[in-house]
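>>> here is my input, please return the structure:
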Amino acid sequence: MFTKRLFRKAMHPSQSNVEHGNVTSTDLDPRIALHYGIPSTASVLAFDPIQRLLAIGTLDGRIKIIGGDNIEGLLMSPKQLSYKFLEFLHNQGFLVGVSNDNDIQVWDLEHRCIACCLPWDSNITAFSMIFGTQFMYVGDEYGLMSVLKYDAEEGKLLRLPYHIPANSVADAAGISLPSYQSIVGILPQPCTSGNRVLIAYDNGLIVLWDVSESRVVLLRGYKDLQLKESSNGVSNEPPDDISNNEEDEKEISSLCWASSNGSILAVGYVDGDIMLWNTSNTSSTKDSQPAASSNNVFKLQLSSAKRKLPVIVLHWSANRSRGDNGGRLFIYGGDEIGSEEVLTVLNLDWSSGIQTLRCLSRVDLSLNGSFADMILIPHAGATEKNYTAALFILANPGQLHVYDDSCLSALTSQQEKKPSISPVQFPSVIPTNDPSMTVAKLCFLPGSTNSSKVLSKMASALKTGAKSTLTSCNEWALTGGVPSQFSFSEANRVERIYIAGYHDGSVRVWDATYPVLSLMLALDGEVQGIEVAGAGASVSALDFCSLSSTLAVGNECGLVRVYKLNTSSIEMALHFVTETKHEVHAMHQEKGLQCTAVFSFITSPIRTLKVAKSGAKIAVGFECGRVAVFDMSSFSLKFLTNCVSGSSSAVISVTMKTFLDIQSLINSPKFTRTENPKDPIEEMVLVLTRNAHILVIDGVSGNLISSRPMHVKESTAISIYVIEGSDSVSEDSQEKHPQHLSHEITVQNDSAPFNIGSGIKPDEVELHTSCETPCSGEKLLDSVVVLCCEDTIRLYSVKSVIQGDNKFIHEVNLGKSCCWATTFKKDEKVCGLILFYQTGGIEIRSLPDLEVVGESSLMSILRWSFKTNMDKTMSSYDNGQITLANGCELAFISFLAFENDFRIPESLPCLHDNVLAAAADAAINFSSSQSRKQFTAPGLLGGIIKGIKGGKLGQAENLTGSTKSRITRDLGNIFSRGPFSDPSSDITDDQEIGELDIDDIQIDEPEPVASTSSHQGKNDKKDKETERQKLFEGGTADQKPRLRTPEEIIAKYRHGGDVAAVAAQARDKLAQRQEKLERLSRRTEELQDGAENFASMANELVKTMEGRKWWKI
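Purely as a prediction, here's the structure:
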């Protein structure tokens, strides 16, 4: 009767939707809730030296942001296109990316979204930011250099009038250029406040351009080069034959500044050569011709071969001991074609001039994978010289290797060409490749259960244990980002944990309550205190029971390790149980998860593992097709079956259920109980094999309840679920392999006494077992079994499964090969099924009608392709949240629109620190006012002032000579008009029109203020208006200063009388002038004293606040 009723519901979704709470398309919203790791398609790097953030652009339109304290963020572009340029708007909370289709995107880091996007009408071949400003240079394939500005208030990217075509540069330099010379590089010159920019064209022409005077300051090209090769690969001697033809032009492939003051330029060419150009010999007047001399260039060659690789990347790092007369040059390329792929580091010195350049050492750094990009990270406390704190090398797929400063110094001091020092792998928050992750589980810890005290103790113990297992670097280069306030609330409890098993046998546990995961505990594969064969084998299955605080771990050697939470100081014992012996070893007492039992009976790999809800029993399925159940109350083997299927197919799922009166359910005389015949409570173990055999085993004796197992022929099973009449899902393996973990058992009754040594009190065990009410036969009869295979999905009644009847309620044939499946709940009822296909497609189907209500794909959500064995590390919970790993990446995906267990966006960390940004701006302005005294604040403030000096291309922009706001204002005035327009026709309010005589300036000492009443305020305002009238001769605030005509001046200063009177008046004017100058001097001294007082106060404040966290301020 029930079968017919359920079938009618499946055929009529409208009725089914009411009774079963079927999911609809409006309930679905697939999205990334959490992402960790470096994408495998990573291709370009960027760094903010003030905020200390690293950005990684990819080939598929993603941008990864990495900061400190496990803070990471993922930005997803609407288009799946690669980024060819990536730059921070330093300390402003914005990131600019240029995509392969020439869209210029500005990302708002605080809100993690695109603030604006400007499509470009030509191919962008060069891009660069002016340090510390909102201005950026864009070079295209036609030789046009344009200027853009990002207006943060308007949220717009503005294209300014200032632009320089290639023909204008040629006219200004007095040379001729071929048509359509593309720009291959743009570098603002350091220490020029953005007034000079270097432009490199693909034919080898290098132009240093003064934007304020719109003229060529320096011109360099291959025709100026008069060198010949020598045996050691470095030469500056003139060759015998010099050709001036255009055929001798060398195409530029890379360039960077090789000095902090912009006096040396390193240029890499397509033919593998490297030139160091001296740019300090420049003309200083507008009418002077650009200088060029063959003595101002030096040639480097990494190989003497005729055919060499292009020089793809050049970076420079200054040397502390040699200043601007030497340092390290990092080179990718330039070696012989077919040679090993390396990153070359040259230690150069030219203390006696560029003509005497010496290469002190050369080191070739081997790469683990193909080279993608590199970046030099400056010290947070660096001075004007951009000294390097670390070298980051990005290699495919998704590998980031780190050399710190001490390691680089040791490498360059070695005499060997091949280094003996290996890089440090970038520390992953959740390792997936090193070591290799083999299995994972996402666990929710219910807080409203009777075991809340135990869970609180578990969370406290795990956090305490984490302090002894975690190691941290004292000075890590990436410290950016601000954690959410939720992460520091003392009232917070651990609501969710993520557990992962690894190839080396280790297990790690993270607190996954909030989007910033933190490692709580790391368990080694080896068992302390005893030698166990196979203990370090790869983890193949694990399960965690939150109610009993039990973690069970199975490995490829058939070994089962059981861990219990130890929250008290009672004695602990480790039970080592094999087929022939049972040893008990005393364990040293420590808080946290401690190994309490090790079971080793057969050497077959474990494929699935399940802990009973009370923790009293553990069921294990093996690759050989056998099933074992262990009794944790006596630490013994309850039973071990023979092969449950005739073909010895692996057991991929075991489900334990407790129910009443099995005779009324089966109604078959074939089944008889030999143990405790008067006990109405019976246990059932539902077993699924890979070849789609479903067997029901007596949980006490291990005998088959039905002599006729159910079998779906010619099918490969993935997972099985029991949906009870209340639409809840029992705990079951939801995966094709045992690694795939499933939901908690809904009902269980393991009433056996629990071991006192586990750290759980007897009354707590009673609470666990009392809440597990056995299922009645009638309720179990009203349940459905969902069997997921690679090609089909079938619904069976529980009675049919127990009796071995292959008659199904409903069947759906899948058009593609399915590899993983899970169920999810809505309103505490199972309402849907999520299917993952080997093609990367995702389907969401409603239950029980199995209709498709939504479709998506890994490519559309994560930009991933499904890879072999990816399903082994997938896990889920019944709220529609799924975790999966791919390469170096780990992601949490939420499928339901109403699910927000992570409390996003309130719990998300902020990728831009506004407090740090404001402090850095204040420090820059203060440093500017103290530049004459070379003042540098110590501690945090000093680090902020110093840390702003670094740039991606090795430039250290000197902002101490003029403030950031002044530079921005001056450049704004320059870029607001064309480069060759008449400045007088574009006068702005803050530009001078003419000279103002000091006699026309009224300087009055401030009157002492005796009252703060409104009347006094009105008088002060009136006095200010009078002063303005005196200064501007009656003009209003809206009027501009103007030049007076000679007639006006004569009319004002002409006086009658004799010569003596005129002389006396002139004498008085001179005295007044002297008095005004003295007042100006006094005012200047007062301002200087005030600045020094502010500096002293700032230093005291820094010392007070330096050790405090931001949330304690």
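>>> for Lys829, give the beta-bridge partners.
Taking DSSP bridges as the rule, Lys829 bridges to Lys826.
>>> may I see the buried residues of stretch 580-599?
For stretch 580-599, a neighbour-count test (16 or more other Cβ atoms under 10 Å) marks 587, 591-599 as buried. Just so you know, the C-beta spots here come from the backbone N, C-alpha and C atoms, and that holds for glycine as well.
>>> so which of those comes closest to Gly841?
Nearest to Gly841 among the buried residues of stretch 580-599, counting by Cβ to Cβ, is Leu593 at 38.4 Å.
>>> tell me which strands the helix or strand hosting that closest one pairs with, and in which orientation.
In the assignment (DSSP states H and E), Leu593 maps to strand 592-600. Sheet pairing of strand 592-600 (DSSP bridges) gives strand 559-566 (antiparallel), strand 572-578 (parallel).
>>> please identify the deepest-packed of those.
strand 559-566 (a mean of 24; mean count of other Cβ atoms under 10 Å).
>>> show me the strands in the stretch 1-150 of the chain, by range?
28-36, 42-48, 53-58, 62-66, 72-76, 83-89, 94-99, 103-108, 113-119, 124-129, 135-140, 145-151 (DSSP state E, counting those that start in this stretch).
>>> quick one: which of those strands is nearest Arg863?
Nearest to Arg863 among the strands of the stretch 1-150 of the chain is strand 62-66; the distance by Cβ to Cβ comes to 5.8 Å.
>>> packing partners for that closest one?
Strand 62-66 sits against strand 53-58, strand 72-76, strand 94-99, with contacts defined as 3 or more Cβ pairs under 8 Å, 6 or more residues apart in numbering; DSSP states H and E.
>>> so, low pLDDT: which residues of the stretch 351-500 of the chain?
By pLDDT under 70, the weakly predicted segments of the stretch 351-500 of the chain are 381-386, 414-420, 447-475, 487-492.
>>> looking at the sheet around the nearest residue to Pro30 once chain neighbours are set aside, what are its partners?
Excluding the flanking residues, the one nearest Pro30 by Cβ to Cβ, 6 or more residues apart in numbering is Ser856, at 4.8 Å. Beta bridges link Ser856 to Ile842 when assigned by DSSP bridges.
>>> count the residues that sit near Ser856.
17 (other Cβ atoms under 10 Å).
>>> right, and it touches Gly840 too?
No. Look at Ser856 against Gly840 with Cβ atoms under 8 Å: they stay out of range, at 9.8 Å.
>>> returning to that earlier point: ok, of the buried residues of stretch 580-599, which one's closest to Gly501?
Closest to Gly501, out of all of those and judged by Cβ to Cβ, is Leu593, at 13.6 Å.
>>> if I look at that closest one, how far off is Leu74?
31 Å (Cβ to Cβ, to the nearest Å).
>>> next: Ile606.
Distance check for Ile606 against Leu74: by Cβ to Cβ, it reads 34 Å.
>>> more neighbours: the two, which one.
Ile606 (29 against 21).
>>> let me see the contact set for that one.
540-541, 554-556, 558-560, 620-623, 738 (Cβ atoms under 8 Å, 6 or more residues apart in numbering).
>>> contacts only, for the residue nearest to Pro30.
Ser856 touches 30, 841-842, 844, counting by Cβ under 8 Å, 6+ apart.
>>> of those residues, which is the nearest to Lys1069?
The closest of the contacts of Ser856, once distances to Lys1069 are taken by Cβ to Cβ, is Pro30, at 81.4 Å.
>>> would you confirm that that closest one contacts Ile842?
Yes. Using Cβ under 8 Å, Pro30 is in contact with Ile842, at 7.4 Å.
>>> any common contacting residues for the two?
Joint contacts of Pro30 and Ile842 (Cβ under 8 Å, 6+ apart) are 856, 861.
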